[in-house]
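Q: What shape does this take:
(chains A and B)
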Amino acid sequence: MRELVLTQPGSVFAGPSERESESCRARREFEERLAECGPLAYRVAYGVLRHTADAEDVAQEALLKAYRNFGRLREPKRFRGWLVRIAFRMALDRWRSVKRREKRETQWVAPEQKASGPTVEELAVSSEFQERLERAMGELPEKSRLVLLLAGIQGYTLEEVSEMLGIPMGTVKSRLFFARKQLAEKLR
Amino acid sequence: MSCEGYRRRLIDALASGEGSLTGDVAAHLRMCAECKKFYEAQVHLFGAIDSGVRAMVNETVPGSLLAGVHARIEEVRAPRLVWRPAWSVVALAATVLVVSLSFVRRSGPLRDASLTKASAAAAIRTETVPFVATPTKAASRAVNPRRRPRNKPETRIDRPTEVPEVIVLAEEGEAFVRFVARIRVDPQKAVALTRPAPLQQDLPVEIALLQIEKLKVKLLEPTTEE
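A: Predicted coordinates for the structure are as follows:
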């Protein structure tokens, strides 16, 4: 007896070998993007968390999530913005849980300090300012915060940020403006 | 415009990232030393904010990041050795269990309920006993023996728990109903009317010895060999 396969109108039946090659192609595409966008995911996560190990963990989780759902992404061009959003959201979740834990345990987790740099006094002043800055950034609206972080990453212009997030250039500028103004008010 | 107004415009200009000041704001700064001092402080503050944010996000990426991602991806792609339940099978088993449980639970109470509804005429499925009567508890206790003889034709009776019933022969049915009615009025007379079953019935059956006239039975004589 001849075996018949029902297919949806317009779709072509993909055999196992075709499916396999498709998955290989998808994987290759993902690998290419991984090398390009992995550091970006890490930097976004670090900008939120300010903790190397946590940021690395969150970035890896975000990349894994992106890998799992890579097939569902309709427009591969949007991968960078998509990944950035995933990493940012996951980093925020982690940051909130860290804050909750800190509050519960009433312990202060000091941010990592860089070994090289200025004198002790300058470092004290600088770290104090940095702490205040981090706290002020934590109080910013999420959208403004993400734009501020992305605009601060070296090598990314405002146009690229606009393209990455899929929002108009004017929106990027206004979010950045309000973010900086709010930070200045809090730090003044 | 007051100094406060100029300061607000200064802040907006710095927040928007405009490098140089033009027009009346620049002219005011040249004239007002206080506002110039304020402006310089704000330039310093915004510079510190920008450098602080840049320091936050331009951290050196650890070399283990991509290796870790690859390892996690491989972990995901590798077939899991741990037992994973086939959810379709579990769901099917659960459905069967629920259906069978509901059937068992429903069949019990429903059967009782149907019989309770039909308690006036208890369900008796028999060919030999066509009459059914529902006497009082006392009468049934007096008349109905607890043990049923085994050699009677099989009669399956589904009886409700609360209303007892008595099985009588068809020709005795009318009399039995009258008897039951009398029990309530005059129990002593009713008891007098009933007589206990003959005691001989319970005696063991005696079996007569078989005797055959033509047959003579002799005892065996002992032989010499023995």
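Q: the longest helix in chain A is where?
A: helix A:16-49 (DSSP state H).
Q: List the buried residues of it.
A: Buried residues in helix A:16-49, counted by 16 or more other CB atoms under 10 Å in any protein chain shown: A:27, A:30, A:33-34, A:37-49. Quick note: C-beta positions are derived from backbone N, CA and C, even for glycine.
Q: Kindly report the same for stretch B:25-40.
A: For stretch B:25-40, by 16+ other CB under 10 Å, it's B:25, B:28-29, B:35, B:38-39.
Q: Those residues in helices, which ones?
A: Those of the buried residues of stretch B:25-40 lying in helices (DSSP H): B:25, B:28-29, B:35, B:38-39.
Q: how about these, which pair is most distant?
A: Distance extremes for those: the farthest pair is B:25 and B:38 at 12.1 Å, using CB to CB.
Q: that older thread, what helices and strands are in contact with the longest helix of chain A?
A: Where contact means 3 or more CB pairs under 8 Å, 6 or more residues apart in numbering or on different chains; DSSP states H and E, helix A:16-49 is packed against helix A:52-68, helix A:79-105, helix A:142-152, helix B:33-57, helix B:64-77.
Q: Please list the residues of chain A that sit near chain B.
A: Contact residues (CB under 8 Å from any CB of the partner chain) of chain A with chain B: A:34-35, A:38-39, A:42-44, A:46-47, A:50, A:52, A:55-56, A:59-60, A:63-64, A:67-68, A:129-130, A:133-134, A:137, A:148-150, A:152-154, A:173, A:176-178, A:180-181, A:183-184, A:187-188.
Q: now residue A:77: how far from residue B:29?
A: 46 Å (CB to CB, to the nearest Å).
Q: now swap in residue A:69 and tell me
A: 53 Å.
Q: just residue B:20 next, same as before
A: Applying CB to CB to residue B:20 and residue B:29 gives a distance of 11 Å.
Q: Next: residue A:128.
A: 30 Å.
Q: Ok, residue B:97 next?
A: 83 Å.
Q: With residue B:6 instead?
A: For residue B:6, the distance to residue B:29 - CB to CB - is 8 Å.
Q: anything in contact with each of those two?
A: When contacts are counted by CB atoms under 8 Å, 6 or more residues apart in numbering or on different chains, residue B:6 and residue B:29 have residue B:35 as shared neighbours.
Q: Residue ranges in chain A under the pLDDT threshold?
A: A:1-20, A:22, A:106-125 (pLDDT under 70).
Q: if you set the cut-off to 90 instead, what comes out?
A: A:1-38, A:49-51, A:66-82, A:98-135, A:138, A:153-156, A:163-164, A:166, A:187-188 (pLDDT under 90).
Q: Now which of the residues of chain A next to chain B would you call buried?
A: When the residues of chain A next to chain B are checked for burial by 16+ other CB under 10 Å, the buried set is A:34, A:38-39, A:42-44, A:46-47, A:50, A:52, A:55-56, A:59-60, A:63-64, A:67, A:129-130, A:133-134, A:137, A:148-150, A:152-153, A:173, A:176-178, A:180-181, A:183-184, A:187.
Q: Please identify the residues of chain B in proximity to chain A?
A: Residues of chain B lying near chain A (CB under 8 Å from any CB): B:11-12, B:14-17, B:42, B:45-46, B:48-50, B:52-59, B:61-62, B:64-66, B:68-69, B:72-73, B:76.
Q: mind running it again at 10 Å?
A: For chain B, the residues in contact with chain A (CB under 10 Å from any CB of the partner chain) are B:11-12, B:14-17, B:41-42, B:45-46, B:48-62, B:64-73, B:75-77.
Q: low-confidence ranges in chain B?
A: B:1-10, B:12-14, B:16-31, B:47-48, B:50-92, B:99-226.
Q: for it, what spans make up the helices?
A: According to DSSP H, the helices that chain B contains are B:3-15, B:23-31, B:33-57, B:64-77, B:87-117, B:137-143, B:173-185, B:187-193.
Q: Tell me which other helices or strands the first one touches.
A: If contacts are counted by 3 or more CB pairs under 10 Å, 6 or more residues apart in numbering or on different chains; DSSP states H and E, helix B:3-15 sits against helix A:169-187, helix B:23-31, helix B:33-57.
Q: can those helices go into a markdown table with extra columns for distance to residue B:166?
A: Putting the helices and strands packed on helix B:3-15 into a markdown table (distance: least, CB to CB, whole Å) gives the following:
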| stretch | distance to residue B:166 |
| --- | --- |
| helix A:169-187 | 93 |
| helix B:23-31 | 114 |
| helix B:33-57 | 95 |
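Q: Residue A:69 against residue A:86, yeah?
A: Yes - using CB atoms under 10 Å, residue A:69 is in contact with residue A:86, at 8.8 Å.
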